[in-house]
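>>> sequence first, then the predicted structure, then my questions.
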Amino acid sequence: MNVLLKTMAAALLLGGSAMATAANDGQTRVNELLSADPQFHDTWEGVVKKEERLPEWVMNLSGDAEQMNAVEEEGDKYLVGPLCESHDTCLNKRLIVAVSFDKKDAYAMLVEVPAGLPADKSPTRHADYRFLGKPDQGMQDLLMEQLKKDPNWY
């Protein structure tokens with residue numbers, strides 16, 4: 001099954017036509033999740049309500065996002081995708097989000113790299129990673145793998 005079909009199937013499983021048509025291209029994005037489904041909104045609120053000092057764009061899942069992809073972790077299916085505070089600050093402030101197909105579980109990894117890091121310095125070595133939603137080691141690895149898929153992350 002190709003990625004497009006998997007993503008479409010995931011979007012349909014996540015909530016029918018509202019999720020499938022959330023974006024003009026028919027793909028689900030992190031910055032559309034809260035408005036697309038009340039159940040996911042409640043799940044995300046449970047993830048962030050006990051966290052301290054989270055940026056507003058993380059609390060509200062607002063910002064610049066790419067399409068999400070369907071992945072599997074220990075037999076469970078998730079939609080996973082990145083969210084950046086803005087397109088211009090994506091290398092410095094990004095969130096990788098994973099939400100289960102049944103919308104009962106959500107996890108995220110907030111990645112922050114100091115602004116002004118010289119181009120010859122690896123963002124991987126200077127980043128701070130903060131996990132949200134109490135992900136187990138398998139989920140933490142899945143979120144890190146999604147980050148590593150970015151060609152600008154080394």
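Ah, there it is.

>>> where in this protein is the helix or strand with the lowest mean pLDDT?
helix 17-20 (a mean of 34; mean pLDDT, DSSP states H and E).

>>> beyond it, next helix or strand please.
From helix 17-20 onward toward the C-terminus, using DSSP states H and E, the following helix or strand is helix 33-36.

>>> can you give me how far the following helix or strand past that following helix is from the chain middle?
Sequence order places helix 38-48 as the next helix or strand after helix 33-36, per DSSP H and E. Offset of helix 38-48 from its chain centre (Cα atoms, centre = their mean, to the nearest Å): 14 Å.

>>> now helix 38-48: mean pLDDT?
Averaging pLDDT along helix 38-48 yields 95.

>>> and for stretch 89-106?
94.

>>> buried residues in that stretch?
Using 16 or more other Cβ atoms under 10 Å as the test for burial, stretch 89-106 gives 89-101, 103, 105-106. Glycine gets a C-beta too; all of them are placed from N, C-alpha and C.

>>> noted, bye for now.
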